[in-house]
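# Please find the sequence and the predicted model below.
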Amino acid sequence: MNIQLNDLSETRKSLVVTLDQSEVAAEHQAVVAQFAREARLPGFRPGKAPAAMVAKRFTKEIAEELQQKVFAKAYKAGCEEKKLEVITVTNVEEATVSPDAPATVTITVDIRPEFALPDYIGLPTEIQSTDVTDAEIDQVIEGLRAERADFKQADRPAQKADYVKLSYEGKVDGQAIAEIAPDRQIYGKVPQTWEEVEGENEGVIPGLGKQLAGLKTGDKKDVTITFPADFAPVPALAGKTAIYSIEVLEIRERVLPALDEAFLKSIQAESIDALKTNVRGRLQQQKEMQNRAGQRNQVTDALASKVEIALPEALVESEAQNILARFMDENMRRGVKQEQFEKDKTQLVQGARKSAAQRVKVQLILGKIVEKEGIKLENSDIDAFIYREAMRTQQAPDKIVKELTKNRDALRNIQQSIVFDKAVDFLVSKATVTTVSAKS
């Protein structure tokens, strides 16, 4: 057997393996013998048919099996001799295999790059204080009151936090938006809808709520709306200035419930003090979770900045495709059209590849840390994942286990993800921590 290794890049190699005729013949003989043991031919007991007859009867099947055997032998021998840690096989060029001739197999592989681990103990992280202020507690309680607010008709000009019932019709350069975007009538002409006056969250028409204060029931007004340059819901309106003719149909004032026994009962709180204690605990827990998430990002960013790695192209490409698929799925569920993706294809692909390269780099570093620190996957880790997934998807745990048993690739990806998460947790546990004041 002759084995050659050609460098295509730092992480991509071409492995050329040639088996001589005697090796191919030996593999062929073994395959025929295997078929002979299992073949059922008329007039012969199982396993007793002559090898020559079996070879003639199963010529095609034996040739296919021989091809696989030769490839497997070449791949295994090549990787062992050249000490390759293969991540993935990207291409295989197989010549026609015959027991009467040598066989050459050319295998293109991406290998795990070699690099020195940077210092990863004591990585600097910053967290914010988890102390909860009275003002933060009051804000949460006000939010609970707002969720249970009553809306009473108001016979006065609209003011902040009111809800206005109105009709509108929009035009761009004199053309009705209903004609520009016939499949998205909500942006063109609506006989009635509700809009919060100067609300924190944008309504359907960006900026419309900010132009309603001071209007009274029955008022009519033309307002100018400029759509963002990246307005995804209706690309035809992106960056355009529209004139909307609106008519106020009704004004309703938000009336918050009193902090009384009825309100406390509605939110299952025994008293104001008990409510504040509960809110304080939840806010503190949220801050701790935010700090933890922040530390996880900080240690992985710090690791990535400490080392340069030649990244395996196949890994980057696979990760980029996953990122793009998730992005498109999320946005299509939000109503973004396929045409918009095509328009932004170059930018989206570039962004996905950049994110993918960073993720792959971090994963390679974490993989080495996992190995060095002996971080293991425990049965309890899988059990915890199945429980969380069952809660998230509202499926029975047994169903999830059954699906993972069928999909070995998905199971391996989950196992790898869990181990990487444990590695990041390990880094956070060994990080240095500085508490900083909250940003205003």
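Everything's here; your move. Numbering: from 1, shown residues only.

# excluding its backbone neighbours, what's nearest residue 16?
Leaving aside its chain neighbours, residue 16 sits nearest to residue 4 (4.3 Å; criterion: Cβ to Cβ, 6 or more residues apart in numbering). C-beta: built from backbone N, CA, C; applies to glycine.

# Report the next helix or strand after the worst-scoring helix or strand of the chain on mean pLDDT in sequence order.
Least confident helix or strand of the chain, by mean pLDDT, DSSP states H and E, is helix 338-343 with a mean of 74. For helix 338-343, the following helix or strand on the C-terminal side (DSSP states H and E) is helix 345-373.

# So for that following helix, what gets flagged as buried?
Buried positions in helix 345-373, judged by neighbour count with 16 or more other Cβ atoms under 10 Å: 348, 352-353, 356-366, 368-370.

# Touching, residue 401 and residue 386? I think so.
Yes. Here residue 401 reaches residue 386: they are 6.3 Å apart, a contact under Cβ atoms under 8 Å.

# neighbour-wise, which of the two wins?
Neighbours were counted for residue 401 and for residue 386 using other Cβ atoms under 10 Å; residue 386 has more, 18 against 15.

# So what touches the helix or strand that one falls within?
According to DSSP H and E, residue 386 maps onto helix 379-393. Helix 379-393 is touched from outside by 395, 396, 397, 400, 401, 414, 415, 418, 422, with contacts defined as Cβ atoms under 8 Å, 6 or more residues apart in numbering.

# can you list the domains in this structure?
For the chain, automatic domain parsing gives the domain ranges 2-111, 150-255, 287-436.

# Residue 276 is nearest to which of the ones you listed?
domain 287-436 (16.2 Å; Cβ to Cβ).

# Quick one: end-to-end length of the closest one, please.
13 Å (Cα to Cα, to the nearest Å).

# can you give me the strands in the stretch 151-300 of the chain?
With DSSP state E, counting those that start in this stretch, the ranges of strands along the stretch 151-300 of the chain come out as 163-172, 175-176, 189-196, 220-226, 241-255.

# From the chain's centroid, how far away is the first one?
The gap between where strand 163-172 is centred and where its chain is centred comes out at 37 Å by Cα atoms, centre = their mean, to the nearest Å.

# Any buried residues in it, and which?
Neighbour-count burial for strand 163-172, counted by 16+ other Cβ under 10 Å, picks out 163, 164, 165, 166, 168, 169, 170, 171, 172.

# cool, and the last one?
For strand 241-255, the buried set under the neighbour-count rule, 16+ other Cβ under 10 Å, comprises 242, 244, 246, 247, 248, 249, 251, 252, 253, 254.

# so who does the second one touch?
With contact set as Cβ under 8 Å, 6+ apart, residue 244 has these partners: 168, 169, 170, 171, 205, 208, 222, 223, 224, 225.

# repeat for the first one
Contacts for residue 242 were tallied using Cβ under 8 Å, 6+ apart; they are 170, 171, 172, 177, 224, 225, 226, 227.

# contacting residues for the fourth one?
The contact partners of residue 177, taken as Cβ under 8 Å, 6+ apart, are 169, 170, 171, 187, 188, 189, 237, 242.

# How many neighbouring residues does the fifth one have?
Taking other Cβ under 10 Å as the neighbour definition, residue 188 ends up with a count of 23.

# Could you measure from the nearest residue to it once chain neighbours are set aside over to residue 237?
Leaving out its chain neighbours, the residue that sits closest to residue 188 by Cβ to Cβ, 6+ apart is residue 178, at 3.2 Å. Using Cβ to Cβ, to the nearest Å, residue 178 is found at 12 Å from residue 237.

# more crowded one of these two?
Counted by other Cβ under 10 Å, residue 178 and residue 237 do not tie: residue 237 has more neighbours, with 24 against 16.

# ok so, going back, next secondary structure element downstream of the helix holding residue 386?
Later in the chain than helix 379-393, the nearest helix or strand by DSSP H and E is helix 397-406.

# So for residue 44, which of the strands of the stretch 151-300 of the chain sits nearest?
strand 189-196 (81.6 Å).

# which residues touch that closest one?
161-170, 176-178, 203-205, 208-209, 212, 249.

# same deal with stretch 86-98?
Applying Cβ under 8 Å, 6+ apart, the external contacts of stretch 86-98 come out as 12, 24, 63, 66-67, 70-71, 75, 79, 103-112, 312-315.

# From the chain's centroid, how far away is that stretch?
With Cα atoms, centre = their mean, you get 31 Å for stretch 86-98.

# Show me what counts as buried in it.
86, 87, 90, 97.

# ok, back up a step: helices or strands up against the least confident helix or strand of the chain?
The contact analysis (3 or more Cβ pairs under 8 Å, 6 or more residues apart in numbering; DSSP states H and E) places helix 338-343 against helix 313-333.

# Using PDB, list the CA coordinates for the helix it packs on.
Taking Å, rounded to 0.1, in the frame of the first residue of the first chain, the C-alpha atoms of helix 313-333 are listed here in PDB:
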ATOM      1  CA  GLU A 313     -13.700  25.300   5.800                       C
ATOM      2  CA  ALA A 314     -16.300  22.500   6.000                       C
ATOM      3  CA  LEU A 315     -17.100  23.400   9.600                       C
ATOM      4  CA  VAL A 316     -17.400  27.100   8.800                       C
ATOM      5  CA  GLU A 317     -19.600  26.400   5.800                       C
ATOM      6  CA  SER A 318     -21.900  24.100   7.700                       C
ATOM      7  CA  GLU A 319     -22.200  26.500  10.600                       C
ATOM      8  CA  ALA A 320     -22.900  29.400   8.200                       C
ATOM      9  CA  GLN A 321     -25.700  27.400   6.500                       C
ATOM     10  CA  ASN A 322     -27.200  26.600   9.900                       C
ATOM     11  CA  ILE A 323     -27.200  30.300  10.900                       C
ATOM     12  CA  LEU A 324     -28.700  31.400   7.600                       C
ATOM     13  CA  ALA A 325     -31.400  28.700   7.900                       C
ATOM     14  CA  ARG A 326     -32.400  29.800  11.400                       C
ATOM     15  CA  PHE A 327     -32.400  33.500  10.400                       C
ATOM     16  CA  MET A 328     -34.600  32.900   7.400                       C
ATOM     17  CA  ASP A 329     -37.000  30.700   9.300                       C
ATOM     18  CA  GLU A 330     -37.400  33.300  12.100                       C
ATOM     19  CA  ASN A 331     -38.000  36.100   9.600                       C
ATOM     20  CA  MET A 332     -40.300  34.300   7.300                       C
ATOM     21  CA  ARG A 333     -42.500  33.600  10.400                       C
END
